[in-house]
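> sharing a model that was predicted from the sequence below.
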Amino acid sequence: MRAKRYGRCGTWLVLWFLLLLTAPAPPSRPPSLTPAATDTSVPAIGRTWPVGTRPTVLRGWEPPATVYGRGHRGVDLAAPPGSPVRAVAPGRVSFAGRVAGRGVVSVELTGTDLRTTYEPVTASVEKGAEVAAGEVVGTVEPTGSHCASTCVHWGLRRGEAYLDPLSLLPPWLLRRGPSRLLPVLGVPLP
């Protein structure tokens, strides 16, 4: 009697296993630890650099492979302590305060779903303030930077996805300037 019961259980187990093998696979979902960057296009709406006129980029944007992976989620711009930090485009200040001992200013850019961040910065604006492109939002703090020398870490986000902040700047701001023709010496005039 026991043999019959175990035989039936074994039959059901084999049938269940065969059903499992022949069932269609569920639709694949991306792993939860991949970056959520579905739209990486960024409009070139920036009108000024955050610091200086053409600061040295000490470290560029290096997107992480996963949400918690290694990478550099912004760019580091060389700037001496006390330098003014400007909003690259018009927007509304969404945060101005300290995070992990560093001053941070975040600006939600007008007409977009983008947000820029600047750190370490002593804020001169408050949360909710409207800022224009080029308006000073704070000054570079002398400490708290992760660079060897003082710098401003400039970040860009769309939702939870990090993007390259340099893509906010139009090509004419990224170039070093126009070519200049120099006089040719020693050539006789016609």
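Structure's in. What do you need?
> beyond the helix or strand of the chain with the lowest mean pLDDT, next helix or strand please.
In the chain, no helix or strand scores lower on mean pLDDT, DSSP states H and E than helix 2-22, which sits at a mean of 55. Using DSSP states H and E, the helix or strand that follows helix 2-22 in sequence is strand 57-59.
> whichever helix or strand comes after that following strand - contacts with which helices or strands?
Next along the chain after strand 57-59, taking DSSP H and E as the criterion, comes strand 75-78. With contacts taken as 3 or more CB pairs under 8 Å, 6 or more residues apart in numbering; DSSP states H and E, strand 75-78 sits against strand 57-59, strand 151-158. From N, CA and C alone the C-beta is placed, and that goes for glycine too.
> what's next to strand 75-78, contact-wise?
Residues from elsewhere that reach strand 75-78, judged by CB atoms under 8 Å, 6 or more residues apart in numbering: 49-52, 55-61, 146-147, 149-154, 164-166.
> what mean pLDDT does the helix or strand following it get?
Per DSSP H and E, the first helix or strand lying C-terminal to strand 75-78 is strand 84-86. The average pLDDT within strand 84-86 is 97.
> hmm, who's touching strand 84-86?
With CB under 8 Å, 6+ apart as the contact definition, strand 84-86 has outside contacts at 48-51, 79, 105, 118, 121, 133-140, 152.
> follow-up on the earlier one: most tightly surrounded among the helices and strands packed on strand 75-78?
strand 151-158 (a mean of 23; mean count of other CB atoms under 10 Å).
> show me what it is packed up against.
Using 3+ CB pairs under 8 Å, 6+ apart, strand 151-158 is in contact with strand 75-78, strand 114-119, strand 161-163.
> show me what secondary structure element comes after the last one.
The reference is to strand 161-163. helix 171-174.
> how about that next one: buried residues?
Leu173 (16 or more other CB atoms under 10 Å).
> now that helix: how far from the chain's centre is it?
Mean-position distance between helix 171-174 and its chain equals 19 Å (CA atoms, centre = their mean, to the nearest Å).
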